[in-house]
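1. Provided below for reference: sequence and predicted model.
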Amino acid sequence: MTQTFFDAADDGPAALGMVLDEGRGSLPYALIHGEALVACAAWALGEAGVTAIDAGIPWESVRGAGEPLVLHDSLCPMTPVDFIAACLRRALAEDAVVVATHPVTDTIKLVADGLVGDTVDRQGLVTVASPVVLPASVVAAMAAKPGTDLVELVADLARSHRVVLVEAPAAARRVSSTDDLLVLEGLTSG
């Protein structure tokens, strides 16, 4: 039997969540607004009514909980709480994997035989952001713990589950360097 809890702050459904920091070098421990990125991501999960769990918890225990799972990238530390909660609600309402994305704004070129070719139409291109929300039905169907590479995970899940892409707010941008971190800090100040 699945037991559902509600957070008094937003009456949203309970979920388990993991802050992903593995394979991301030392950047998750850099500071933004005086706090480590990983701490900001964990705080956002908690404020969204998600119970953060340690990545070391056995996968069978996570599956057995019968709860949805929110995967939050520590390199998207300023993802708004209400956006995380909205992604969770949508995953439950549609029983689908919900993936936060950003539109691709860079120019993308085809390369063939070492030669730069045509420009790719960006219309349908997105980059994966955070969170990725797995409804309980998807968690139950997964034999193994999801990997920490969200792009690879989403591609794998799309082969066997319905995936819904939602555009993330600008504050949910992913950082890949200290320069990106400075931009994000400026974007989310005040």
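-> Cool, got the structure. Numbers count the residues shown, from 1 in each chain.
2. Return the list of helices and strands in contact with the helix or strand hosting residue 92.
-> Assigned by DSSP states H and E, residue 92 belongs to helix 81-94. Contact partners of helix 81-94 among helices and strands, from 3 or more Cβ pairs under 8 Å, 6 or more residues apart in numbering; DSSP states H and E: helix 37-47, strand 69-73, strand 97-103, strand 126-134, strand 163-167. The C-beta positions use only the backbone N, C-alpha and C, and glycine is treated the same way.
3. From residue 119, how far off is the residue nearest the centre of the chain?
-> The C-alpha lying nearest the average C-alpha coordinate of the chain belongs to residue 131 (Cα atoms, centre = their mean; 2.1 Å). Separation of residue 131 from residue 119 (Cβ to Cβ, to the nearest Å): 31 Å.
4. can you check residue 51 too?
-> Residue 51 is 45 Å from residue 119, by Cβ to Cβ.
5. out of these two, which sits in the more crowded spot?
-> When neighbours are counted by other Cβ atoms under 10 Å, residue 51 and residue 119 differ, and residue 51 comes out ahead with 15 against 10.
6. Run me through the strand neighbours of the worst-scoring helix or strand of the chain on mean pLDDT, direction for each.
-> Across the helices and strands of the chain, mean confidence by mean pLDDT, DSSP states H and E is lowest for strand 115-120: a mean of 80. Strand 115-120 pairs in its sheet with strand 108-112 (antiparallel), by DSSP bridges.
7. Let me see the mean pLDDT of the helix holding residue 92.
-> Across helix 81-94, pLDDT averages out at 96.
8. what sits up against it?
-> By Cβ atoms under 8 Å, 6 or more residues apart in numbering, the list of residues contacting helix 81-94 from outside reads 10, 12-13, 15, 44-45, 47-50, 68, 70, 72, 96-98, 100, 131, 133-135, 162, 164, 166, 168-169, 172.
9. Dump the C-alpha coordinates for it into PDB.
-> The C-alpha coordinates for helix 81-94 follow below in PDB (Å, rounded to 0.1, in the frame of the first residue of the first chain):
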ATOM      1  CA  VAL A  81      10.800  25.700  -5.100                       C
ATOM      2  CA  ASP A  82       7.500  26.300  -6.800                       C
ATOM      3  CA  PHE A  83       8.800  25.000 -10.100                       C
ATOM      4  CA  ILE A  84      10.100  21.700  -8.400                       C
ATOM      5  CA  ALA A  85       6.600  21.300  -6.800                       C
ATOM      6  CA  ALA A  86       4.800  22.000 -10.100                       C
ATOM      7  CA  CYS A  87       7.000  19.300 -11.900                       C
ATOM      8  CA  LEU A  88       6.100  16.800  -9.100                       C
ATOM      9  CA  ARG A  89       2.400  17.600  -9.300                       C
ATOM     10  CA  ARG A  90       2.500  17.200 -13.100                       C
ATOM     11  CA  ALA A  91       4.400  13.900 -13.000                       C
ATOM     12  CA  LEU A  92       1.800  12.500 -10.600                       C
ATOM     13  CA  ALA A  93      -1.200  13.900 -12.500                       C
ATOM     14  CA  GLU A  94       0.000  12.500 -15.900                       C
END
